[in-house]
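Chemist: what shape does this take:
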Amino acid sequence: MQQTQPPKIRVLIGDSSVRSRLVLSGMIDAEPRLEVVDTARSQEELLHKAFTYKPDLIVAHYGLTMSGRVPFFKPVYGEKFSLLLMVSQQLAEQTYTLSTSLDINGKQVKASEANQLARREAAKEGLMAKLRELLGENFISSTTAAPSKWKEAVEVKQMNNRVLVKMPQPAEPPLSMVVIGASTGGSAAIEYLIKDLDIQQPAVVLVAVHMPEKFTRRLARRLQRFTHWRVEEGYEGMQLSAGTVVIAPGGQNMRVKSKSLVPNQYFLALEPSAAMDSPSVDILMYSAAQSAQAQVLGIIMTGMGQDGTLGAREIKNMGGMVIAQNEETSTIFGMAKSAIESGVVSGVFPLGQINSIISRFVANRSMSHVLQQKLVG
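Modeler: Numbers count the residues shown, from 1 in each chain. All right, here's what the predicted structure looks like:
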């Protein structure tokens, strides 16, 4: 039976020097198990391509890594070196442990103007040696338990003063996503919700309300005065975190993207919009459902038109839940009415009861189908 070749390790290179990028690319591409997906010459480009390509490793000049805070990656090459090796969460879990002893032949290379080039070349040689070690017999291509011989290798390295890094998968509960859509009268209704928001479990609140750019920024600032939650206007590449309310910026559509290398991690992408109904509720809800699936609660509130109906349908199709504000407490009963008539809404509530539903949904997402049945019934 033909043996299946393991997938290649995908590497992103970052360096402001054209020559260094070319040299590193050649060295890394020469390794059968490694593949250079792209190179970057600036901090912004490195960050953008880290999100875009989701590589397994980043090899970069330290100055381009924003002090080592590139998302998803654990730095394993110390600040005293000219090059920094960063390993993804997924690869770290597969290899279980990775030595941070990237000294060249066990000795720290001292920096000076005279030997800067030689030091960098030596660092590159040491880097390639470390990469080959990573891809050697201790490399585990599945997430099964580590064999006993690996445990012995760990003990030997510890005896030789080698620092080992283990990156277990986080055991934190999934992040719930509450997605609110509104238009006319929406700012006052959203303010009412946010000021009494009380969620104990990890959750992020995403808001799309039809407003121009300057008005959404002012809305975020005003909401911050009424809550202990962090309120921000969304921006490109923003990582979603618990305890945050994110307002979609006016004139742009906001999408939720998932981070495939690390489960339960999401970030935002923005795109310009010339449509009257922007930021789009449909786009925000649809993307949230695609990323977080059953962890999403959609709320259609006061507003004119039908924006939100298609996005709400995707939330329901992906296992999440949708509720709507009732006519009596809505300034204009258009968006909510459209969603209700489409059959995707599990319950219709006055504004004063919606916070209770949010808390119940987030408190036990695994039982959200039971809550849906109760609301529909």
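Chemist: helices along the stretch 201-350 of the chain, start to end?
Modeler: 213-224, 281-292, 309-317, 335-342 (DSSP state H, counting those that start in this stretch).
Chemist: just put those in a markdown table and tack on mean neighbour count, distance to Arg33 and mean pLDDT.
Modeler: (Each C-beta comes from the backbone N, C-alpha and C, glycine too.) Formatted as a markdown table, those follow (neighbours: other Cβ atoms under 10 Å; distance: least, Cβ to Cβ, whole Å; pLDDT from 0 to 100):
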| stretch | mean neighbour count | distance to Arg33 | mean pLDDT |
| --- | --- | --- | --- |
| helix 213-224 | 16 | 46 | 92 |
| helix 281-292 | 26 | 31 | 95 |
| helix 309-317 | 22 | 39 | 96 |
| helix 335-342 | 22 | 50 | 97 |
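Chemist: switch the ones you listed over to TSV; also include distance to Ala188.
Modeler: Shown next, in TSV, are those (distance: least, Cβ to Cβ, whole Å):
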stretch	distance to Ala188
helix 213-224	10
helix 281-292	17
helix 309-317	22
helix 335-342	15
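Chemist: Met301: which of those helices is closest?
Modeler: Smallest distance to Met301 across those (Cβ to Cβ): 6.5 Å, for helix 335-342.
Chemist: so what does that closest one touch, helix or strand wise?
Modeler: Contacts defined by 3 or more Cβ pairs under 8 Å, 6 or more residues apart in numbering; DSSP states H and E place helix 335-342 against strand 296-300, helix 309-317, strand 321-325.
Chemist: if we can go back for a sec, of the helices of the stretch 201-350 of the chain, which approaches Met27 most closely?
Modeler: helix 281-292 (36.2 Å).
Chemist: redo the helices and strands packed on helix 335-342 as CSV? Include distance to Ala220.
Modeler: Below are these laid out as CSV (distance: least, Cβ to Cβ, whole Å):
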stretch, distance to Ala220
strand 296-300, 18
helix 309-317, 21
strand 321-325, 21
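Chemist: quick one, which of those is nearest to Ile283?
Modeler: Of all the helices and strands packed on helix 335-342, it is helix 309-317 that lies closest to Ile283, at 6.9 Å by Cβ to Cβ.
Chemist: so where's the chain uncertain?
Modeler: Within the chain, the segments meeting pLDDT under 70 span 1-6, 62-63, 65-83, 88-173, 260-263, 365-377.
Chemist: domain parsing for it?
Modeler: Domain ranges of the chain: 9-165, 176-376, per automatic domain parsing.
Chemist: ok, back up a step: out of the helices and strands packed on helix 335-342, nearest to Gly250?
Modeler: Of all the helices and strands packed on helix 335-342, helix 309-317 comes closest under Cβ to Cβ, at 18.3 Å.
Chemist: surely Arg224 is in contact with Val231?
Modeler: In this structure residue 224 is Gln, not Arg. Yes. Between Gln224 and Val231 a contact is recorded at 4.2 Å, counting by Cβ atoms under 8 Å.
Chemist: burial count for Ala182?
Modeler: For Ala182, the neighbour count with other Cβ atoms under 10 Å is 30.
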